[in-house]
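1. no letters, just coordinates:
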């Protein structure tokens, strides 16, 4: 079964909000065995919506629509759907009861504009919205299914999880889609592709390999399609094992998780702890770790030491080191990481110092120059990187470089 997702709203097209609905829906549909072939965003314009619906029907078996179901005049999805199907709008008793119940619950008067929320196209099957006033709508027309849902994320998510996907599963026999993701760091996608070319060439037609690069990382995703979950899963895992064995030096995780989470998992399992000394990354590395539940088992914390004074007072960097070699140097980053290790009493430490930009470059140290160090009680490794001129990218690349170096140091211990 092929699906298409259409999100409706000018606020998406002008960048006022980010369309998170499509990404979440695509993930849920894929897990259910439904392949999403296209995602589109259209404005609050009747003609744009009509065109998008007609075009989607030529490509997909089921079309999911979010947005434009509110009570205000700019929400035109319901009326446009009625025109698309050539039917009248009618008041749905269940939808009206739902709207009335919600307003009574919050002791608010039911205005006429709110009562109109219960108006739906005559040919739809209503999906009650237990978290809001706008009902969802299920249409079956000319062999195609259309599902229209509110754009409010938590309202849409409830409908998808509790109503829409179970209904689809009850009506159709869906194929199995199995994904296996391998997270690699420290090697580019072209080099990885060359290393595993023979394995990729040997894949059967129903198993595909995708390369998903991101700032020093590449996720290798194997996707298998079939009818029998056990057989497909076994096949996918067989080829995944071959790839992992071939590029084992660069594998950080054998599941679809962020690099920092893979590191946290390993360090938690081994009872290891970590601290950081950040300068140009300004706490970004700390954020990456602490966004994950349970990070306190590993992550002690650290210092954001932008100034010379804090590098000296908190981390123990020597004054003469800073003035002789500068803050962005191998000598300084080494003293930073070893100071973090000593003063914060962790098993491992990360230190980063650099020129994030867009200004601040020096002779021999252009914008994008970053020194990163990682250390354990027995080993310290420092490395110079030269990134670009864009500040945010330099911060993110520095973080990825630091995580990659830490992952390598942890692997050295594993061996």
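-> Yes, it's here. Because the structure is a prediction, the values reported are computed rather than measured.

2. residue 210 and residue 200 touch, don't they?
-> No - contact criterion C-beta atoms under 8 Å: residue 210 and residue 200 do not qualify, at 10.5 Å. In short, each C-beta sits where N, CA and C put it, glycine included.

3. of those two, which one has the most company?
-> Shown here are residue 210 and residue 200; by other C-beta atoms under 10 Å, residue 200 has more neighbours (18 against 11).

4. so what does that one look like in phi/psi?
-> phi -60, psi -40 (degrees, to the nearest 10).

5. what of the one 10 residues further on?
-> The phi and psi torsions at residue 210 (degrees, to the nearest 10) take the values phi -120, psi 140.

6. mind listing what the nearest residue to it once chain neighbours are set aside touches?
-> Excluding the flanking residues, the one nearest residue 210 by C-beta to C-beta, 6 or more residues apart in numbering is residue 221, at 4.6 Å. Shown in contact with residue 221 (C-beta atoms under 8 Å, 6 or more residues apart in numbering): 179, 180, 181, 182, 209, 210, 212, 256.

7. want to throw these into CSV with secondary structure, distance to residue 309 and pLDDT?
-> Putting these into CSV (DSSP: H, G, I helix; E, B strand; the rest coil; distance: C-beta to C-beta, whole Å; pLDDT from 0 to 100) gives the following:
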residue, secondary structure, distance to residue 309, pLDDT
179, strand, 50, 94
180, strand, 50, 97
181, strand, 44, 97
182, strand, 44, 97
209, strand, 51, 97
210, strand, 48, 96
212, strand, 42, 94
256, coil, 43, 94
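
8. from the residues you listed, list the buried ones, please.
-> If you count burial by 16 or more other C-beta atoms under 10 Å, the buried members of those come out as 180, 181, 182, 209.

9. quick one, grab the pLDDT at the closest residue to residue 404 other than its chain neighbours.
-> In this structure, residue 404 finds its nearest non-sequential neighbour in residue 185, 4.4 Å apart by C-beta to C-beta, 6+ apart. pLDDT for residue 185: 92.

10. residue 282 now?
-> 97.

11. burial count for it?
-> Residue 282 sits with 15 neighbouring residues when counted by other C-beta under 10 Å.

12. swap in residue 277?
-> Per other C-beta under 10 Å, the neighbour tally for residue 277 reads 30.

13. next one: residue 356
-> Residue 356: 25 neighbours (other C-beta under 10 Å).

14. how about residue 320?
-> 9.

15. can you tell me the SS state at it?
-> For residue 320, the secondary-structure state derived from DSSP: H, G, I helix; E, B strand; the rest coil is helix.

16. where's it relative to residue 337, distance?
-> 18 Å (C-beta to C-beta, to the nearest Å).

17. mind checking how far the least confident helix or strand in the chain by mean pLDDT is from the chain centre?
-> Least confident helix or strand of the chain, by mean pLDDT, DSSP states H and E, is helix 112-115 with a mean of 80. Its chain's C-alpha centre and that of helix 112-115 lie 38 Å apart, by C-alpha atoms, centre = their mean, to the nearest Å.

18. flag every buried residue along that helix.
-> 114, 115.

19. measure the closest residue to residue 226 other than its chain neighbours to residue 257 for me?
-> Among residues not flanking residue 226 along the chain, residue 232 sits closest, at 4.1 Å (C-beta to C-beta, 6+ apart). Applying C-beta to C-beta, the value for residue 232 to residue 257 is 22 Å.

20. same check, this time on residue 320
-> Counting by C-beta to C-beta, the gap from residue 320 to residue 257 is 43 Å.

21. just to revisit the earlier point, who's more crowded, residue 232 and residue 257?
-> residue 232 (20 against 17).

22. excluding its backbone neighbours, what's nearest residue 330?
-> residue 382 (5.0 Å).

23. give me the mean pLDDT for stretch 352-372.
-> Here the average pLDDT along stretch 352-372 is 95.

24. and that stretch, end to end?
-> 5 Å (C-alpha to C-alpha, to the nearest Å).

25. show residues contacting it.
-> 276-281, 285, 326-330, 332-333, 336, 350-351, 373, 382-391, 394-395, 397-399, 401-402, 405.
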